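Visitor: coords please:
(chains A and B, ligands or ions: 4)
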Amino acid sequence: MSFDKSFLRQSELPTIFCPGCGHGVVTQAFLRTVKELGWDKDDVFSVSGIGCSARIPAYCNTSSVQTTHGRALAFATGMKMTRPEKHVVLFLGDGDCTAIGGNHFLHACRRNIDMTVIILNNYIYGMTGGQASPATPHGAYSSTSPYGNIDEQIDICQVAVAAGASFVARSTVYHAQQLPGIMKKAFNNHGLSVIEVLGPCPTGFGRQNKFRDVGEMYDFLRDATVSTARYEQLSPEEKEQKIPIGIFRDVQRPEYIDKYNAMAASIKSRKEPEHIECKSSDGGQIGRFELTFAGSGGQGLVLAGIILSETMIRQGKFAVHTQSYGPEARGGSSKSEVVMGDGDIDYPEVLNADLLVAMTQASYDKYRKDVKKGGLIIADTTYVTTVEQEDVNCLSIPISQICSTDLGDIRCANIMTLGILAGKLGFIEYDALRESVLARLAPKLHDLNIKALEAGYALGRGTVGKE
Amino acid sequence: MPWGAEPLGRNERCTMNKIQINTKWCKKCGLCAKYCPKNVFDRDKLGGPIVARPEDCIGCMQCESRCPDFAIDVEKAQ
Ligand SMILES: Cc1ncc(C[n+]2csc(CCOP(=O)(O)OP(=O)(O)O)c2C)c(N)n1
Ligand code: SF4
Ligand code: SF4
Ligand code: SF4
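Guide: Ligands and ions are numbered 1, 2, ... in the order given. Here you go, the predicted structure:
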């Protein structure tokens, strides 16, 4: 059948590839396969890293992404995990896949995640001018092996088999008409599929290795290869001279997303926070609200972040909590961030805080600049002694000191802070917060911390409009 | 859209396969001519393909599948 050119992104053509470069042959075979499978072009995610081969997605009228050198598999894994119904296909150069991206490749094979990796092995770093890659044959010339390559060539298919990929095959661009058949098998495999396609790089490899023209390189691919079945019958000496092509592995193995989903389902049976009906507040929209707790290790700021997040979830909102410590466990710096919203939270970290709770002078100095104009800083003046009022509101309360003098235990300062937040910010439900505190703390700590929470709530409410 | 450009050669009769070269995309690598089993192509001075003997074409599609620049379109006669 004639190739359907509507599968090409024609505005990008002609390609940047040199005359005869095999990358275009693989592109056509891929798009033919997509058409034959009847896939919607937009449901196909074509992903690449860096290199000449990495241009392929740009020429495909699919959902195409070019990422960074060697890291395409990491990006693609994220895409597949979030959109498992899409078809994810990667185009990696031999350098991109086996050198800088070698570890990603091993672990994608090991995980057996349902994607297809097409490796365009032209034995060389094409784009950067013909340097040796792990796939450069022993003895071959390149700009970094001018006296012949002393390294041994990596066998990509054997590595993929050993690492656990469930479908592994090799072909060449000379065998262009067989490529769609292999691709179809790979795409239909439920797990990680690897197809190594040998191709010529006349510019980076051919010239340095005495191929007179690109045609000779295609002849080489025809003459040097034999089917896996025939290869098995060769003597060890004959095998040295030949490259087997065909399917090396086609098995069923548990797939990563299936395993992940099974695990997630088993965890769901654990107790989830109970939903509490909103009474007092208007239940209104909060947009995206970013809050940073900053202080030192041991002040309970991570726990405060977790409790606040769970409170929001109880209220039917969305929340993400992240944390970072200094190298020390106690006494070092500690930061705990909560991003809250009415719907999905696309980016989990604080970009421009609406509210900063600073529990030490150092953390106040460090993070106060990250608070947005008109935002709020709550400073624990037990430790924050110098407060510079700028274009943000500031609420100064000696939280730790109140806890130790009034309640006899400085450790409940984090919970008192949560009470202050609930009193101050209309959208945090006191009852939901109280439930979250009780659920997270051991029963023997309940009395003390509920007292701290109540006191904090009163403090927060009492100061409304008075800073 | 360059498709539908002048067909080079004598392939007007609908009983023959129609072979078109998109000269805007062709890079004159010569692979089509080299591997055509029926020697349908000649090459011009710069190496570009000329569809010289379309009547010999058996519609094997090797030229189209192997063209790295999507520059050949073989339309089989009905
Ligand atoms: C982090 C990083 N390191 C190095 C480079 C330079 N670089 C660009 S492409 C490339 C190698 C490309 O070779 P290969 O992956 O085999 O693809 P080909 O160009 O042969 O298709 C390198 C090293 C880069 N872009 N980024
Ligand atoms: S340098 Fe090599 S890999 Fe890059 S486009 Fe040219 S032939 Fe292809
Ligand atoms: S194979 Fe394609 S690019 Fe190469 S000469 Fe023939 S038509 Fe032109
Ligand atoms: S379809 Fe086959 S026979 Fe016809 S021109 Fe192309 S390669 Fe030659």
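
Visitor: Now do the contacts for the residue of the stretch 1-150 of chain A found nearest ligand 1.
Guide: The minimum distance from the stretch 1-150 of chain A to ligand 1, using C-beta to the nearest ligand atom, falls at A:Gly93 (2.3 Å). Quick note: C-beta positions are derived from backbone N, CA and C, even for glycine. Residues in contact with A:Gly93 (C-beta atoms under 8 Å, 6 or more residues apart in numbering or on different chains) are A:49, A:51-54, A:119-122, A:125-127, A:133.

Visitor: can we see that at 7 Å?
Guide: A:51-54, A:120, A:126 (C-beta atoms under 7 Å, 6 or more residues apart in numbering or on different chains).

Visitor: do A:Ala358 as well
Guide: Contacts of A:Ala358 by C-beta under 7 Å, 6+ apart are A:294-295, A:364, A:367, A:377, A:379-380, A:384.

Visitor: Just give me the closest of these to ligand 4.
Guide: Relative to ligand 4, the closest of the contacts of A:Ala358 is A:Tyr367; by C-beta to the nearest ligand atom it sits at 67.7 Å.

Visitor: Not counting sequence-adjacent ones, nearest residue to that closest one?
Guide: Computed as C-beta to C-beta, 6 or more residues apart in numbering or on different chains, the closest residue to A:Tyr367 that is not its neighbour in sequence is A:Ala294, at 4.9 Å.

Visitor: what does A:Asp370 give?
Guide: A:Ala353 (5.2 Å).

Visitor: so how far is ligand 4 from that neighbour?
Guide: 65 Å (C-beta to the nearest ligand atom, to the nearest Å).

Visitor: Same question for A:Asp151.
Guide: 39 Å.

Visitor: Give me the phi and psi angles of that residue.
Guide: Main-chain dihedrals, A:Asp151, degrees, to the nearest 10: phi -80, psi 160.

Visitor: B:Gln20 reaches B:Phe70, doesn't it?
Guide: No. Counting by C-beta atoms under 7 Å, B:Gln20 stays clear of B:Phe70, with 11.7 Å between them.

Visitor: in which helix or strand would I find the residue nearest to A:Asn112 when sequence neighbours are not counted?
Guide: Closest residue to A:Asn112 apart from its sequence neighbours, by C-beta to C-beta, 6+ apart: A:Gly191 at 4.3 Å. Assessed by DSSP states H and E, A:Gly191 sits outside every helix and strand.

Visitor: A:Gly456: which element?
Guide: helix A:446-462.

Visitor: Run through the residues that contact the spatially most central residue of chain B.
Guide: For chain B, B:Ile19 is the residue whose C-alpha lies nearest the centre (C-alpha atoms, centre = their mean; 4.4 Å). Contacts for B:Ile19 (C-beta under 7 Å, 6+ apart) come out as B:11, B:40, B:51, B:54, B:57, B:72, B:74.

Visitor: Now whatever residue of the stretch 251-400 of chain A ends up closest to ligand 3. Nearest residue, chain neighbours left out?
Guide: Residue of the stretch 251-400 of chain A nearest ligand 3, by C-beta to the nearest ligand atom: A:Val251 (37.2 Å). The spatially closest residue to A:Val251, leaving aside those adjacent along the chain, is A:Ser166, at 5.3 Å (C-beta to C-beta, 6+ apart).

Visitor: got the contact list for the one you found?
Guide: A:112, A:189, A:191-192, A:249, A:251-253.

Visitor: at 8 Å instead, please
Guide: Contact partners of A:Ser166, counting by C-beta under 8 Å, 6+ apart, are A:112, A:189-193, A:249-253.

Visitor: and the residue of chain B found nearest ligand 2, how many residues sit next to it?
Guide: The nearest approach of chain B to ligand 2 comes at B:Pro68, 8.8 Å away (C-beta to the nearest ligand atom). As a burial measure, B:Pro68 scores 29 neighbours (other C-beta atoms under 10 Å in any protein chain shown).

Visitor: So the nearest residue to it once chain neighbours are set aside, which state does it fall into?
Guide: Of all residues not flanking B:Pro68 in the chain, A:Gly24 sits nearest, at 3.3 Å (C-beta to C-beta, 6+ apart). Secondary structure assignment for A:Gly24 (DSSP: H, G, I helix; E, B strand; the rest coil): helix.

Visitor: Tell me the pLDDT of A:Gly24.
Guide: pLDDT recorded at A:Gly24 is 98.

Visitor: looking at it, it is touching B:Phe70, isn't it?
Guide: Yes. Counting by C-beta atoms under 8 Å, A:Gly24 touches B:Phe70, with 6.8 Å between them.

Visitor: ok, so what distance separates the residue of the stretch 251-400 of chain A closest to ligand 3 from A:Phe105?
Guide: Using C-beta to C-beta, to the nearest Å, we find A:Val251 at a distance of 19 Å from A:Phe105.

Visitor: more neighbours, these two?
Guide: A:Phe105 (26 against 13).

Visitor: pLDDT score assigned to the residue of chain B found nearest ligand 1?
Guide: Closest residue of chain B to ligand 1, C-beta to the nearest ligand atom: B:Pro68 (13.0 Å). Here, the pLDDT recorded for B:Pro68 equals 98.

Visitor: How about the secondary structure of it?
Guide: Three-state call for B:Pro68 (three-state DSSP): coil.

Visitor: Who are the contact partners of it?
Guide: Contacts of B:Pro68 by C-beta under 8 Å, 6+ apart are A:15, A:17, A:19-25, A:173, B:27, B:29, B:31.

Visitor: okay if I get the residues you listed as a markdown table plus distance to A:Glu454 and neighbour count?
Guide: Converted to a markdown table, the contacts of B:Pro68 look like this (distance: C-beta to C-beta, whole Å; neighbours: other C-beta atoms under 10 Å in any protein chain shown):
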| residue | distance to A:Glu454 | neighbour count |
| --- | --- | --- |
| A:Thr15 | 69 | 21 |
| A:Phe17 | 71 | 24 |
| A:Pro19 | 79 | 18 |
| A:Gly20 | 78 | 29 |
| A:Cys21 | 73 | 29 |
| A:Gly22 | 72 | 28 |
| A:His23 | 68 | 28 |
| A:Gly24 | 71 | 29 |
| A:Val25 | 73 | 29 |
| A:Val173 | 74 | 28 |
| B:Lys27 | 78 | 20 |
| B:Cys29 | 80 | 27 |
| B:Leu31 | 81 | 27 |
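
Visitor: I'd like the residues you listed as TSV, with distance to ligand 2 appended.
Guide: Compiled in TSV, those are given as follows (distance: C-beta to the nearest ligand atom, whole Å):
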residue	distance to ligand 2
A:Thr15	8
A:Phe17	4
A:Pro19	8
A:Gly20	7
A:Cys21	3
A:Gly22	7
A:His23	6
A:Gly24	9
A:Val25	11
A:Val173	11
B:Lys27	10
B:Cys29	10
B:Leu31	13
